[in-house]
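**Student:** Mind looking at a prediction? Sequence and model below.
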Amino acid sequence: MKWGSMRLNRSITALFAGSLAITCLAACSSSNPGTKGNNSATGATVLKIGMPDGAITANSNPYLNSSASAALGYRYMIYEPLAMPNDTKPADPAKPWLATKWDWTNNFKTVTFTIRDGVKFSDGSPMTSDDVAYSFQILKDKTALNFNALDIADVSASGSTVTVNFNTSQFVTQAKVLKTFVIPKAIWSKMSDPTTDAVANPVGTGPYTLKSITTQNATLDLRSSGYWQALPKVKELLYTSYTGNDTMTTALTSGAAEWSYVFIPNAKTVFVAKDPAHFKLWFPPTLSADGLWINTTVKPFDNAALRKAMSMVINRDDIFNQGESGYFKPLVSSVTGLPTPAGNPFIAPQYVGKNATVDVAGAKAVLTGAGFKFNGSSLVDPTGKPVTITLTDPAGWSDYQTDLSIIADNFSQIGIKATIDKADENAWTKNIGAGNFQAAMHWSNGGATPYDMYENIVDGANVKPIGTDSPNGNYGRFNSPAATQALKDYANAPDDASRAKALSTLEDIMVNQVPMIPTSAGNVGAEYSTKNWTGWPDDSNAYAGGQLTQVGALDVVLHLTPSTK
């Protein structure tokens with residue numbers, strides 16, 4: 001999902017990594033429903049789900065990211081999408097869901113959905129094309145609800161079809177359009193303010209209804225009838241919000257939780273080794289990247305040769321194994337920065353199979369060829385000044401701090417003296433946005449094509465003057481008219497050949513001009529237990545992502561069956 005502000009888009013790693021042990025609330029509460037067990041004689045009926053979010057807002061409005069339904073992810077158990085894209089395989093066709101088919105025309109400015117017949121909301125009322133049309137119209141009318149920023153022009157319904165026209169090509173946002181969930185018009189059209197109302201009794205087409213909610217827990221029950229496809233085997237979903245990483249990890253290892261998304265330092269020892277037959281880590285990459293963002297307005301880092309040499313000495317394997325505990329943020333090896341295998345269909349022919357490897361000698365040759373010199377063990381720029389750099393990230397973001405230590409050591413091999421600034425988070429956020437930094441580990445946006453990732457990194461339209469906040473990305477102030485044009489060409493291309501040409505240009509720029517150094521991938525992963533439930537996605541059957549706060553979580557639950565006792 002593409003967010004408009006970096007303040008909303010911090011990866012789960014950084015949000016949770018290094019969280020302090022807090023007085024046990026969720027993990028130790030005797031009233032915590034997360035401790036409720038399954039009957040080993042009759043098979044599992046309850047799935048226990050946890051997130052380390054602390055106190056939650058007892059609000060089930062699916063559009064509000066501050067609500068419990070969003071933070072815990074249960075909005076997708078109640079409200080269903082028109083189609084179900086697979087975030088682990090973004091180039092694959094989406095699964096038909098509330099729409100049986102869809103047709104894009106007018107160079108992806110128009111989509112016509114054929115709406116599934118026989119679907120009922122949980123209150124027993126039928127879902128109609130008017131409900132689907134309203135689900136898009138409300139996004140156009142209420143900007144605050146349009147968290148995917150869909151550029152909707154108009155919507156119309158006719159019989160069993162719904163047509164949505166957009167002002168611009170939606171090729172790069174197709175998946176977001178398909179993920180639009182359907183709400184009942186009869187209920188939402190009568191709400192006083194859909195942008196703030198709490199929605200105490202959410203009604204959707206999904207297989208579950210909300211039974212109860214507190215600031216710590218939410219319980220969902222399976223619908224007794226009326227669901228349009230076979231009901232899931234999971235009878236009850238118990239969501240618990242734990243106080244932080246430590247209590248969440250304790251819940252996973254004790255069995256109080258069976259499914260989560262949390263950064264666990266040394267997870268293979270702390271979690272998997274406690275029950276290797278059942279405790280699993282699965283963190284497939286998405287098309288987004290974490291890496292070292294370099295302020296290209298600061299000399300000598302405005303020199304592409306220097307940035308390329310810096311990339312050539314960074315040990316991405318160490319960052320993966322040490323900073324990300326060997327699992328959480330998958331290794332990015334392609335020189336294009338595209339995570340694989342998710343990005344494989346998008347890699348230009350000239351870069352297929354070309355991976356970034358540590359090459360100190362090659363980096364030194366690049367530097368000397370660009371006028372840099374070595375004064376003993378120190379690198380000197382073409383003006384005669386020693387090359388030094390300050391690497392900065394918040395002190396509490398332990399994964400990034402480990403990454404910075406590795407990078408600083410790597411840079412010493414080509415004579416760059418690096419200093420690590422363990423910044424205050426609020427000050428760091430402000431400085432990154434304003435361009436007051438030299439280099440920092442940061443994340444990128446992501447989507448179903450490389451567009452979101454590359455746009456966030458290189459779009460000249462996002463370049464702001466130093467001192468002015470850059471809310472839409474390009475924090476390194478990389479300004480390449482060729483990159484900006486290639487992004488426009490990719491998003492609006494009339495055919496696949498034109499699109500491939502634009503993407504090849506963007507990849508050339510990433511490889512040769514190195515506006516940012518990708519090291520790790522975003523993910524749609526999970527920790528889960530197979531003790532009570534089987535059917536989870538994994539490398540052998542990646543039918544959906546495992547991230548429980550994404551729309552694919554519904555597909556996961558529909559695949560689960562009780563383990564054989």
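**Tutor:** Yep, it's here.

**Student:** Residues contacting stretch 346-364, please?
**Tutor:** 91, 287, 308-316, 332-336, 338, 340, 374, 410, 413-414, 449-450, 500, 503-504, 507-508, 511 (C-beta atoms under 8 Å, 6 or more residues apart in numbering). In this view, the C-beta of every residue, glycine as well, is placed from N, C-alpha and C.

**Student:** lowest-confidence helix or strand of the chain?
**Tutor:** helix 12-16 (a mean of 38; mean pLDDT, DSSP states H and E).

**Student:** now this protein, which segments are flagged as low pLDDT?
**Tutor:** Applying pLDDT under 70 to the chain flags residues 1-43, 565.

**Student:** in the longest helix seen in it, what counts as buried?
**Tutor:** For the chain, the longest helix by residue count, based on DSSP state H, is helix 496-513. Buried residues in helix 496-513, counted by 16 or more other C-beta atoms under 10 Å: 499, 502-511, 513.

**Student:** cool, stretch 481-496 as well?
**Tutor:** Those would be 483-484, 486-487, 489-493, for stretch 481-496 by 16+ other C-beta under 10 Å.

**Student:** Same check on stretch 122-133?
**Tutor:** Buried-residue list, stretch 122-133, by 16+ other C-beta under 10 Å: 122, 127-129, 131-133.

**Student:** In this structure Phe283 contacts Ser325, no?
**Tutor:** No - using C-beta atoms under 8 Å, Phe283 makes no contact with Ser325, being 10.2 Å away.

**Student:** how far out from the middle of the chain is the longest helix of the chain?
**Tutor:** In terms of C-alpha atoms, centre = their mean, to the nearest Å, the centre of helix 496-513 is set 23 Å apart from its chain centre.

**Student:** now do stretch 247-263
**Tutor:** On the basis of C-alpha atoms, centre = their mean, stretch 247-263 sits 20 Å off its chain's mean C-alpha point.

**Student:** one step back: output the contacting helices and strands for the longest helix of the chain.
**Tutor:** Applying 3 or more C-beta pairs under 8 Å, 6 or more residues apart in numbering; DSSP states H and E, one finds that helix 496-513 contacts helix 304-313, helix 451-458, helix 481-492.

**Student:** Pull out the CA atoms of the first one and give them to me as PDB.
**Tutor:** The C-alpha coordinates for helix 304-313 follow below in PDB (Å, rounded to 0.1, in the frame of the first residue of the first chain):
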ATOM      1  CA  ALA A 304      27.200   8.900  -9.000                       C
ATOM      2  CA  ALA A 305      30.600   7.100  -9.100                       C
ATOM      3  CA  LEU A 306      31.000   7.500  -5.400                       C
ATOM      4  CA  ARG A 307      27.400   6.200  -4.700                       C
ATOM      5  CA  LYS A 308      28.100   3.200  -7.000                       C
ATOM      6  CA  ALA A 309      31.300   2.400  -5.200                       C
ATOM      7  CA  MET A 310      29.500   2.600  -1.900                       C
ATOM      8  CA  SER A 311      26.900   0.100  -3.100                       C
ATOM      9  CA  MET A 312      29.700  -2.200  -4.300                       C
ATOM     10  CA  VAL A 313      31.100  -2.700  -0.800                       C
END
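
**Student:** Do a quick rundown of the strands in the stretch 101-250 of the chain.
**Tutor:** 110-115, 152-158, 161-166, 208-213, 217-222, 236-241 (DSSP state E, counting those that start in this stretch).

**Student:** contacting residues around the first one?
**Tutor:** I take that to be strand 110-115. Residues contacting strand 110-115 (C-beta under 8 Å, 6+ apart): 82, 98-105, 127-129, 132, 160-166, 170, 177.

**Student:** hmm, which of these are the buried ones?
**Tutor:** 82, 98-99, 102, 127-129, 132, 161-166, 170, 177.

**Student:** Mind picking the one among the residues you listed that's closest to Asp154?
**Tutor:** Within the buried ones among the contacts of strand 110-115, the smallest distance to Asp154 is 5.1 Å, found for Asn165 (C-beta to C-beta).

**Student:** and the closest one, what are its bridge partners?
**Tutor:** Note on Asn165: beta-bridge partners Thr110, Asp154, judged by DSSP bridges.

**Student:** Same question for Ile294.
**Tutor:** Bridge pairing for Ile294 - DSSP bridges - gives Ala439.

**Student:** Now for it, how many residues are close by?
**Tutor:** 26 (other C-beta atoms under 10 Å).

**Student:** Correct me if wrong: it contacts Asn474.
**Tutor:** No - Ile294 lies out of contact with Asn474 (C-beta under 8 Å); the separation is 11.8 Å.

**Student:** what about Thr388, distance to Leu367?
**Tutor:** 15 Å (C-beta to C-beta, to the nearest Å).

**Student:** Which one's more surrounded, these two?
**Tutor:** Higher neighbour count among Thr388 and Leu367: Leu367, with 27 against 13, using other C-beta under 10 Å.

**Student:** Double-check that that one belongs to a helix.
**Tutor:** Yes - residue state for Leu367 (DSSP: H, G, I helix; E, B strand; the rest coil) corresponds to a helix.

**Student:** show me the residues around it that make contact.
**Tutor:** 305-306, 309, 379, 414.

**Student:** With distance to Asp53 and neighbour count added, can I get these in JSON lines?
**Tutor:** Below are the contacts of Leu367 laid out as JSON lines (distance: C-beta to C-beta, whole Å; neighbours: other C-beta atoms under 10 Å):
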{"residue": "Ala305", "distance to Asp53": "44", "neighbour count": "20"}
{"residue": "Leu306", "distance to Asp53": "41", "neighbour count": "26"}
{"residue": "Ala309", "distance to Asp53": "41", "neighbour count": "27"}
{"residue": "Leu379", "distance to Asp53": "44", "neighbour count": "25"}
{"residue": "Ile414", "distance to Asp53": "42", "neighbour count": "23"}
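
**Student:** For Val272, state which of the residues you listed is nearest.
**Tutor:** Ile414 (36.9 Å).

**Student:** contacting residues around that closest one?
**Tutor:** Contacts of Ile414 (C-beta under 8 Å, 6+ apart): 309-310, 313, 360, 363-364, 367, 379.

**Student:** about what we covered before: which member of the buried ones among the contacts of strand 110-115 is positioned nearest Phe478?
**Tutor:** Nearest member of these to Phe478, counting by C-beta to C-beta, is Gln170, at 25.9 Å.

**Student:** Would you quantify the distance from that closest one to Asp131?
**Tutor:** Relative to Asp131, and taking C-beta to C-beta, Gln170 is found at 21 Å.
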